[in-house]
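Q: give me the fold of what follows.
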Amino acid sequence: MGPVPLQLELELPSDVNCIESVVAEVVRRCAEAAFADRQLAFHIPVALTEALSNAILRGNGEDASKSVRLRVTVDAQALVVDVEDDGLGFDLAACTLDPTIDDNLDREDGRGLFLMQRLMDRVEQFRGSGNVVRMILHRRSSDDRAA
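A: Sure, this is the predicted structure:
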């Protein structure tokens, strides 16, 4: 029987100032589960920061009466993160823009979703009690060049 997964559940106010400490805690837990250095230094913090920012700024419109719920599971194989806001939701495919295409070079929207999809192994969006974005990242060893 393997180690018990690490789980974290938090309810955050719609305040971008809360993001940094939450991301640091998730990265710390992934480090304990021996995720690769590149995943710890880049993939996880960038993707999670983008997901939380989107939930606070777009999903909740920075409304102080709304919150963001974060559910994290870290085990020997993967990190699974659910970020849930009180927004109405969105179409993940339609809202994800490739910022390298000429028509999108000057646009500021859609870049966070693009980054999340490039940095994580899987990104999904669905309805829970609110709008949920789920990100999955498989643990790779530090010497895995694909990390």
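Q: sketch out the low-pLDDT regions of the chain for me.
A: Across the chain, residues meeting the criterion (pLDDT under 70) sit at 1-4, 89-111, 141-147.
Q: any idea where the strands of it begin and end?
A: Counting by DSSP state E, residue ranges of the strands within the chain are 6-13, 67-74, 78-85, 122-127, 131-138.
Q: residue 85 reaches residue 128, doesn't it?
A: No. Here residue 85 does not reach residue 128: they are 10.1 Å apart, not a contact under CB atoms under 8 Å. Every C-beta, even on glycine, is put in place using the N, C-alpha and C of the backbone.
Q: between these two, which one's more packed in?
A: More neighbours surround residue 85 than the other of residue 85 and residue 128, with 27 against 11 (other CB atoms under 10 Å).
Q: not counting residues beside it along the chain, what's closest to the more buried one?
A: Distances taken as CB to CB, 6 or more residues apart in numbering put residue 59 closest to residue 85, at 3.1 Å, once the chain neighbours are dropped.
Q: burial count for that neighbour?
A: If you count neighbours by other CB under 10 Å, residue 59 ends up with 27.
Q: same question, residue 34
A: When neighbours are counted by other CB under 10 Å, residue 34 registers 12.
Q: tell me who's in contact with the spatially closest residue to it that is not a sequence neighbour.
A: Of all residues not flanking residue 34 in the chain, residue 139 sits nearest, at 7.0 Å (CB to CB, 6+ apart). Residue 139 makes contact with 30, 33-36, 39, 76-79, according to CB atoms under 8 Å, 6 or more residues apart in numbering.
Q: same check, this time on residue 45
A: In this structure, residue 45 makes contact with 23, 27, judged by CB under 8 Å, 6+ apart.
Q: sounds good, over and out.
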